[in-house]
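**Q** Need a 3D model of the following:
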Amino acid sequence: MGPGGGVRLGGMNQICDHRTAPGLLDGKVAFIAGASRGIGAAAARLFAREGARVLLTARSEAPLKAVTEEIAEDGGTAAYAVCDLGDGDSVRGAVQRAVELYGRLDVAFNNGATGQAPGPMDELSEADFDRVSDINFKGPWLAMTAQVAAIRATAGRGAIVNTSSVGSLLANPALPVYGAAKRAVNSLTASAAVTYGPEGIRVNAVAPGTTLTEMLRDWDAESPGIIEQLNAQTPLRRAADPEEIAQAAAWLLSDRASYVTGTVLRVDGGMWA
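**A** Coordinates of the predicted model:
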């Protein structure tokens, strides 16, 4: 992010695609928040392979640029914008840049998030509470409001998917503020689905279970053995690869999910079955 919450942009690359069958997101323009690593980076690669032109956003430029270049080398169309999900001007600028680059916005995946130090809620500082809330709760609200406006003004119809968490569905004593922020995202998702459904804008969420992201590995470093404990609670007895969550988001954003809205889809290996 530049001075005053601005957006710094990377290059756009386009290479001819020789697939014979249309992809799941063929012809769509996709905005992806939190695309520099983990689920977001996996989604950016997948959406591009499935035919979307993608705009990647996150706070760190170097990994954004690397993923964008990787997509271009693989034959996809991608650009990036450095964006702070907790800053309204930055978010609105990034969404507008997608429209400027590609002429429209069809779908958006709001995956950006930040974690909290594991522990009881009385041990979390007020500053950390604000940080977790700004990115995990306020961020999706900022993004959705900007994305709805862009979809209305260009494509007319579209879809949005927010990343929630299975940790939002029940008590979450290890990550209480993170879980509460994600539960708030579930409520925002449902409200948006009801509000914008009559306009043909669908809004859903994915709720990942144990997923092998940097955030999970950081938690395991602070609480050794937590991944093994979570896997033991999961009927599939393993953690998800980030692309498995991205696949669920891609389906929800695609026309194949045309009658699905207001849903929080658990992608958790049966953890909460």
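
**Q** drop to CA atoms for contacts and neighbour counts, all remaining ones
**A** OK.

**Q** wait, doesn't residue 55 sit right on residue 81?
**A** Yes - if you go by C-alpha atoms under 8 Å, residue 55 and residue 81 touch, sitting 7.2 Å apart.

**Q** For the stretch 101-250 of the chain, which segments count as helices?
**A** Here the stretch 101-250 of the chain has its helices, by DSSP state H, counting those that start in this stretch, at 126-133, 139-153, 176-196, 214-222, 226-232, 242-253.

**Q** Using a markdown table, lay out those together with mean neighbour count and distance to residue 46.
**A** Formatted as a markdown table, those follow (neighbours: other C-alpha atoms under 10 Å; distance: least, C-alpha to C-alpha, whole Å):
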| stretch | mean neighbour count | distance to residue 46 |
| --- | --- | --- |
| helix 126-133 | 15 | 27 |
| helix 139-153 | 21 | 21 |
| helix 176-196 | 21 | 23 |
| helix 214-222 | 14 | 19 |
| helix 226-232 | 16 | 25 |
| helix 242-253 | 22 | 7 |
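
**Q** Please name the strands paired to the longest strand anywhere in the chain in the sheet, noting orientation.
**A** Identified as the longest strand of the chain according to DSSP state E is strand 201-208. Sheet pairing of strand 201-208 (DSSP bridges) gives strand 158-163 (parallel), strand 264-267 (parallel).

**Q** So what's the gap between it and the chain middle?
**A** 10 Å (C-alpha atoms, centre = their mean, to the nearest Å).

**Q** Export only the CA atoms of it, formatted as PDB.
**A** In PDB, the C-alpha atoms belonging to strand 201-208 read as follows (Å, rounded to 0.1, in the frame of the first residue of the first chain):
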ATOM      1  CA  ILE A 201     -25.800 -11.400  -6.900                       C
ATOM      2  CA  ARG A 202     -25.200 -14.600  -4.900                       C
ATOM      3  CA  VAL A 203     -23.100 -14.500  -1.600                       C
ATOM      4  CA  ASN A 204     -21.800 -17.600   0.100                       C
ATOM      5  CA  ALA A 205     -19.000 -18.600   2.500                       C
ATOM      6  CA  VAL A 206     -16.600 -21.500   2.800                       C
ATOM      7  CA  ALA A 207     -15.700 -22.700   6.300                       C
ATOM      8  CA  PRO A 208     -12.400 -24.600   6.100                       C
END
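
**Q** Now do that strand against helix 139-153, angle only.
**A** 150 degrees (axes from the mean of the first three to the mean of the last three C-alpha atoms, to 10 degrees).

**Q** Centroid-nearest residue for the chain?
**A** residue 111 (1.7 Å; C-alpha atoms, centre = their mean).

**Q** any idea how far it lies from residue 36?
**A** 10 Å (C-alpha to C-alpha, to the nearest Å).

**Q** Please apply the same query to residue 115.
**A** On the measure of C-alpha to C-alpha, residue 115 and residue 36 end up 16 Å apart.

**Q** The two: which has the busier surroundings?
**A** Neighbour count, other C-alpha atoms under 10 Å: between residue 115 and residue 36, residue 36 has more, with 27 against 18.
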